[in-house]
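Peer 1: build me a structure from this.
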Amino acid sequence: MNFFGKILTGLICIVSLFLMWVSIMVYATHKNWKDDAAQLTKDLNQATAKNNQLESSLRSLESQLTAEVEASQQEVRKLESERVTLLAQNTSIQKELDQLRQQERANTAAVASTQANNEKLTDDVESLRGQIRENQQARNNAFATMIKATDELHQAQGNLATVRERNMQLVQELGTTTSLLRDNGIDPSTDPEAIVPQVRGLVSATHRSAGSQLIEITVGADDGLKPGHTVEIYRGERYLGRAEILRTEPDRAVGRVLRRFQQGQIQEDDNVATKLRIG
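Peer 2: Numbering: from 1, shown residues only. Okay, the predicted model is just below:
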């Protein structure tokens, strides 16, 4: 066998295999159309029967719906008739209500008028009662005032006698005091604030502040010292200077040493004393 014969034999084998595969596929996809047609006829008959049943149900429902619609329309007509009746009754009731309101307003006005008249009469009665009470009180007050004035007159007469006697005593005391002041070299017309009390004490502390020497002494407001008074400072028989009182407390005072009067070093335990200073 030559080469061409071999090729032809191979092609024949390939075509045979292809035809065998097509036969297998045709057999695999083959259907029984008669059985399918019988099944479809059966399904069609069932669907037709169900359709007839549904159409019967539809006609029944339509009849029922028509009856219900008619009944609803009758109910609506009945309700409309009742609505008209209720509107008429409402109109009648509204008229009666308006009449009652008008009557109520008239009654209210009458009550208000009567109440106002009663209140006016009550006010008049209370006013008269008040005037009576005021007149009675005024009469009682006048009587009490007369009695009080009589008592005050007698008391004033007694006080006048007492004042006159006291005045004579004060005149005598003034004369005596004036004589004592003059005997002690004090002008009676001198302001008492300008008189420095005679006190003695000690320097308890010293320190400097803002260029000035400050001292603390053992006498204070309880001894009669006041800010502005001056004290003399000495040690034994030696005079050391003068200090002006700046502030006081009950048992001590603080003063500033006046440099123009200072004649020595001031120390603790130095003596201080005031002097009579006028003006």
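Peer 1: looks to me like residue 233 is in a helix.
Peer 2: No - Residue 233: not assigned to a helix; according to DSSP: H, G, I helix; E, B strand; the rest coil it is strand.
Peer 1: tell me how many other residues crowd residue 223.
Peer 2: 19 (other Cβ atoms under 10 Å). Placement of C-beta: from N, CA and C, glycine included.
Peer 1: how close does the nearest residue to it once chain neighbours are set aside sit to residue 242?
Peer 2: Excluding the flanking residues, the one nearest residue 223 by Cβ to Cβ, 6 or more residues apart in numbering is residue 199, at 4.5 Å. Per Cβ to Cβ, to the nearest Å, residue 199 is found 15 Å from residue 242.
Peer 1: same check, this time on residue 12
Peer 2: Going from residue 12 to residue 242 by Cβ to Cβ gives 163 Å.
Peer 1: tell me which of those two has more neighbours.
Peer 2: residue 242 (19 against 10).
Peer 1: show the pLDDT at the more buried one.
Peer 2: Looking at residue 242, its pLDDT stands at 93.
Peer 1: that's a helix at it, yeah?
Peer 2: No - with three-state DSSP as the criterion, residue 242 is located in strand rather than a helix.
Peer 1: now for the closest residue to it other than its chain neighbours, how many residues are close by?
Peer 2: Using Cβ to Cβ, 6+ apart and skipping residues adjacent in sequence, the residue nearest residue 242 is residue 261, 3.9 Å away. Look at residue 261: counted by other Cβ under 10 Å, it has 15 neighbours.
Peer 1: do residue 260 as well
Peer 2: 6.
Peer 1: and the gap between it and residue 214?
Peer 2: Remark: distance between residue 260 and residue 214 (Cβ to Cβ) = 16 Å.
Peer 1: what of residue 269?
Peer 2: The value you get for residue 269 to residue 214, if Cβ to Cβ is used, is 16 Å.
Peer 1: these two - which one has more neighbours?
Peer 2: Set side by side, residue 269 and residue 214 show more neighbours around residue 214, with 16 against 9, by other Cβ under 10 Å.
Peer 1: ok, the more buried one - contacts?
Peer 2: 206-208, 246, 254-257 (Cβ atoms under 8 Å, 6 or more residues apart in numbering).
Peer 1: averaged pLDDT, the regular element (helix or strand) spanning it. What do you get?
Peer 2: In this assignment (DSSP states H and E), residue 214 forms part of strand 212-217. Averaged over strand 212-217, pLDDT sits at 93.
Peer 1: quick check: residue 212 vs residue 59, distance?
Peer 2: 133 Å.
Peer 1: residue 76 now?
Peer 2: 26 Å.
Peer 1: with residue 8 instead?
Peer 2: Taking Cβ to Cβ, one finds residue 8 at 77 Å from residue 59.
Peer 1: repeat that for residue 65.
Peer 2: 11 Å.
Peer 1: how about residue 275?
Peer 2: Taken as Cβ to Cβ, the span from residue 275 to residue 59 is 146 Å.
Peer 1: ok now stretch 12-27, how far from the chain's centre?
Peer 2: How far stretch 12-27 lies from its chain's middle: 107 Å, per Cα atoms, centre = their mean, to the nearest Å.
Peer 1: same question for stretch 103-120.
Peer 2: 44 Å.
Peer 1: show me where the protein has its strands.
Peer 2: 200-209, 212-217, 230-235, 238-249, 252-258, 271-273 (DSSP state E).
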